[in-house]
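**Student:** Below: sequence and its predicted model.
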Amino acid sequence: MPFTPTPARPAPISQMGVIGWLRKNLFSNIPNTLLSLVALYVVWQVLSSVISWAFINADWVGSSRADCTSDGACWVFVSVRLNQFIYGFYPAEARWRPNLAFALLVGFLIWLAVPRIPYKKLGGILALTAFPVAAYFLLYGGAFGLPVVPTSRWGGLLLTIVLAVIGIVLAMPIGIALALGRRSNMPAVRLVCTIFIEFWRGVPLITILFMASVMLPLFFAEGVSIDRLIRALIGITLFQSAYMAEVVRGGLQALGKGQYEAADALGLSYWQKMNLIILPQALKIMIPGIVNTTISLWKDTSLVVIIGLLEVLGQVRQALADPNWLGFPAEGYIFAALTFWVFCFSMSRFSQYLERRLDTGHKN
């Protein structure tokens, strides 16, 4: 009589799914169970208070402080000041211009990020050439019948995005050049790049912004002046390029000698070797570091308030100084924190998506 094996039975319900995870991680023994119960009680107390303040007892609709009559959050403050938090003092009738510039930026990012959309090379060329020109004339004006909007009226999220995007786009090629120079076989080039990197990494950004705003104009010829936003961008770009250089240098050093030797064996020149073999592989390894530097720059934009540029956090602080809205700092700072978190979290998730798509795991 042939032997018939008994079919495998599924694992007990108590050992799989959510119940299994809870038993294994939270209630595996008596001490863990007691700690878990205490922690759950504390979390429940905190969450119940926060939910009650932020949602249940909050005021959502209104136009002035008089409409905030409950004991909860006054989100009326945020809704009334929302345009200021996003655009600063950009003219209301011209806000379609930054909206269009943001839409173009998102469109190019989608074009370059989604694998199914063709013509990536064309998209990259347009993003680096046509988009900056279009964004400049949309935001600043002065051509095509668009009135000039001086940078002194820019602010809020608009200014944050401008500082972060331009800063990281300019810092990337400068950082690559500095990293290559620091690894150069020419002593003079290596010394200059090393001094540049170590100097800018050793000085706080707030000091650089102060020097760019106050000291830099003293070196200009009489009658020559540079816009305050341009001066801030110069300081931010030089500061971030030094950090980007170290990220790039780490990626270059992560490649095994075999990659360099293989390129030399093919008879490639230095620039052919870097452009065709070394940098494409190193940049994939550098994705987490590049995104980390980008996130750091995004948060550091809040420091420009010391030179009179009011990005999103600066606009919140200025709105809180309005006598008509005194007493609602939590709502304003929560809005600013959520704004920063949404953008930083999105960049982090996009970084993980790129790592999976490009398979950054590298074997020497």
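**Tutor:** On my side now, so go ahead.

**Student:** Report the distance from stretch 321-334 to the chain centre.
**Tutor:** Mean C-alpha position of stretch 321-334 versus that of the full chain (Cα atoms, centre = their mean, to the nearest Å) differs by 26 Å.

**Student:** List the buried residues for that stretch?
**Tutor:** The neighbour-count check on stretch 321-334 (16 or more other Cβ atoms under 10 Å) flags Trp325, Phe328, Glu331, Gly332 as buried. C-beta: built from backbone N, CA, C; applies to glycine.

**Student:** Reformat those as TSV; add pLDDT, secondary structure and distance to Phe219.
**Tutor:** Converted to TSV, the buried residues of stretch 321-334 look like this (pLDDT from 0 to 100; DSSP: H, G, I helix; E, B strand; the rest coil; distance: Cβ to Cβ, whole Å):
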residue	pLDDT	secondary structure	distance to Phe219
Trp325	85	helix	41
Phe328	83	coil	43
Glu331	92	helix	43
Gly332	92	helix	38
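
**Student:** tell me which of these is nearest to Asn275?
**Tutor:** Distance to Asn275, by Cβ to Cβ, is smallest for Gly332 among the buried residues of stretch 321-334, at 47.8 Å.

**Student:** quick one, what contacts that closest one?
**Tutor:** Contact analysis of Gly332 by Cβ atoms under 8 Å, 6 or more residues apart in numbering lists Phe77, Val78, Arg81, Val316, Arg317, Ala319, Leu320.

**Student:** hmm, 7 Å instead?
**Tutor:** Phe77, Val316, Ala319, Leu320 (Cβ atoms under 7 Å, 6 or more residues apart in numbering).

**Student:** so which of these would you say is closest to Thr160?
**Tutor:** Val316 (11.5 Å).

**Student:** Which of the helices or strands spans that closest one?
**Tutor:** Using DSSP states H and E, Val316 sits within helix 312-320.

**Student:** Give me the residues contacting that helix.
**Tutor:** So helix 312-320 is contacted by 81, 84-85, 88, 155-157, 160, 302, 305, 310, 325, 329, 332-333, 335-336, 339 (Cβ under 7 Å, 6+ apart).

**Student:** Tell me the buried residues within those.
**Tutor:** Among the contacts of helix 312-320, those classed as buried by 16+ other Cβ under 10 Å are 81, 84-85, 88, 155-157, 160, 302, 305, 310, 325, 332, 335-336, 339.

**Student:** can you tell me which of those are in helices?
**Tutor:** Those of these mapping onto helices are Gln84, Phe85, Gly156, Leu157, Thr160, Gly332, Phe335, Ala336, Thr339, per DSSP state H.

**Student:** which two from those residues end up farthest apart in space?
**Tutor:** So, these by Cβ to Cβ: farthest apart are Thr160 and Gly332, at 15.2 Å.

**Student:** out of the contacts of Gly332, which is most surrounded?
**Tutor:** Counting neighbours by other Cβ atoms under 10 Å, Phe77 leads the contacts of Gly332 with 28 neighbours.

**Student:** What about Arg183, how many residues nearby?
**Tutor:** Other residues near Arg183 come to 14 when the count uses other Cβ under 10 Å.

**Student:** got a pLDDT number for it?
**Tutor:** At Arg183, the model reports a pLDDT of 90.

**Student:** contacting residues around it?
**Tutor:** By Cβ under 7 Å, 6+ apart, Arg183 lies in contact with Arg249, Leu252.

**Student:** Please apply the same query to the one 10 residues further on.
**Tutor:** Contacts of Cys193 were listed using Cβ under 7 Å, 6+ apart, and they are Leu178, Gly181, Arg182.

**Student:** Those residues in helices, which ones?
**Tutor:** Among the contacts of Cys193, the residues falling in helices (DSSP H) are Leu178, Gly181, Arg182.

**Student:** Now rank those residues by neighbours and give me the top one.
**Tutor:** When neighbours are counted by other Cβ under 10 Å, Leu178 leads the ones in helices among the contacts of Cys193 with 24 neighbours.

**Student:** Can you tell me how far it is from Arg231?
**Tutor:** Leu178 sits 21 Å away from Arg231, going by Cβ to Cβ, to the nearest Å.

**Student:** and if you look at Gly145?
**Tutor:** Distance, Gly145 to Arg231, using Cβ to Cβ: 29 Å.

**Student:** Neighbour count: these two, which is higher?
**Tutor:** It is Arg231, of Gly145 and Arg231, that has more neighbours when counted by other Cβ under 10 Å, with 21 against 6.

**Student:** Could you pull out the helices in the stretch 151-300 of the chain for me?
**Tutor:** Here the stretch 151-300 of the chain has its helices, by DSSP state H, counting those that start in this stretch, at 156-182, 187-201, 205-210, 228-254, 257-265, 270-273, 279-285, 287-300.

**Student:** Could you export the ones you listed as JSON lines, including distance to Ile30?
**Tutor:** Below are these laid out as JSON lines (distance: least, Cβ to Cβ, whole Å):
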{"stretch": "helix 156-182", "distance to Ile30": "50"}
{"stretch": "helix 187-201", "distance to Ile30": "51"}
{"stretch": "helix 205-210", "distance to Ile30": "51"}
{"stretch": "helix 228-254", "distance to Ile30": "47"}
{"stretch": "helix 257-265", "distance to Ile30": "55"}
{"stretch": "helix 270-273", "distance to Ile30": "63"}
{"stretch": "helix 279-285", "distance to Ile30": "46"}
{"stretch": "helix 287-300", "distance to Ile30": "41"}
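
**Student:** Ok, which of the ones you listed comes nearest Asn99?
**Tutor:** Short answer: helix 156-182, nearest of the helices of the stretch 151-300 of the chain by Cβ to Cβ, at 9.7 Å.

**Student:** Can you give me the buried ones in that closest one?
**Tutor:** Using 16+ other Cβ under 10 Å as the test for burial, helix 156-182 gives 156-168, 170-172, 174-176, 178-182.
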